[in-house]
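>>> I'll drop the sequence and a predicted model, then ask my questions.
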Amino acid sequence: MTDKFTEKFKPLFTREEVEDAVIRLAGEISRDFRGEEVLFVGVLKGSFIFLADLVRKVKDVSVEVDFVRVRSYGSSTSPETKPVITKDLEVNPAGKFVIIVEDIIDTGETLSYLIKHIRAMNPKDLRVCTLIDKRERRHSRVQVDYAGFTVEKGFVVGYGLDVGEKLRELEEIKVLPENNE
Ligand code: PRP
């Protein structure tokens, strides 16, 4: 990854805007689950920063944290990719309020697979919280209960989101402009 390439990304959401979005989402979750125990499930790797900030802003909720990792694999004979869980939950979600925490939902494929997987373990309730809800390429229908930002399209990085494993550490969110922008 050359610096020349990472320099092409332009500001999309400032650090302050991200902070405000996290505080708003934490407020919504705190209202919905006041006095309850909630298991927050971060989807690795992209959600690690968002999840860490979100759970520290949630109030009057007993917080539990776990992580899953879902990878999409294709093959030379099939262009279709299929999500595979490469790291599963370690906390049993049965009978619990569970919130899946994503950095971004794009096609929706990862999430719809994960929702089926966790539902099969009988949580009391299962909701979805994402920092970025990106709409253009959505083909799997998923219900998003808490969303920080809605964007139509664009390659976004920062605040956990990477390009070739780089730029996850940015405090703001940037986007790669399309050719003619
Ligand atoms: C990203 C993101 C979601 C998924 C969304 O993960 O964190 O899990 O893609 O895409 P989808 O809606 O099209 O399924 P990625 O595979 O880039 O891995 P990372 O989190 O480790 O960067």
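That came in fine, so what should we check first?

>>> which helix of this structure spans the most residues?
helix 15-32 (DSSP state H).

>>> helices or strands up against that helix?
Contact here means 3 or more C-beta pairs under 8 Å, 6 or more residues apart in numbering; DSSP states H and E; on that basis helix 15-32 packs against helix 48-57, strand 125-134, strand 146-151. Glycine gets a C-beta too; all of them are placed from N, C-alpha and C.

>>> Highest mean neighbour count across those, which stretch is it?
strand 125-134 (a mean of 22; mean count of other C-beta atoms under 10 Å).

>>> Go ahead and name everything in contact with the worst-scoring helix or strand of the chain on mean pLDDT.
Lowest on mean pLDDT, DSSP states H and E among the helices and strands of the chain sits helix 3-6, with a mean of 77. Contacts to helix 3-6, defined as C-beta atoms under 8 Å, 6 or more residues apart in numbering, come from residues Val163, Lys166, Leu167.

>>> hmm, who's touching the longest helix of the chain?
Contacts of helix 15-32 (C-beta under 8 Å, 6+ apart): 13, 38, 50, 53-54, 57-61, 99, 129, 131, 146-149, 159, 171-173.

>>> again, only this time at 6 Å
For helix 15-32, contacts defined as C-beta atoms under 6 Å, 6 or more residues apart in numbering pick out Asp53, Leu54, Lys57, Val58, Lys59, Asp60, Val61, Tyr146, Gly148, Tyr159, Glu171, Glu172.

>>> Any chance of a markdown table for these, columns distance to the ligand and pLDDT?
Below are the contacts of helix 15-32 laid out as a markdown table (distance: C-beta to the nearest ligand atom, whole Å; pLDDT from 0 to 100):
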| residue | distance to the ligand | pLDDT |
| --- | --- | --- |
| Asp53 | 16 | 98 |
| Leu54 | 15 | 98 |
| Lys57 | 20 | 98 |
| Val58 | 21 | 98 |
| Lys59 | 26 | 98 |
| Asp60 | 28 | 98 |
| Val61 | 24 | 98 |
| Tyr146 | 16 | 98 |
| Gly148 | 14 | 98 |
| Tyr159 | 12 | 98 |
| Glu171 | 17 | 97 |
| Glu172 | 17 | 97 |
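
>>> Which of those residues sits closest to Glu7?
Glu172 (14.5 Å; C-beta to C-beta).
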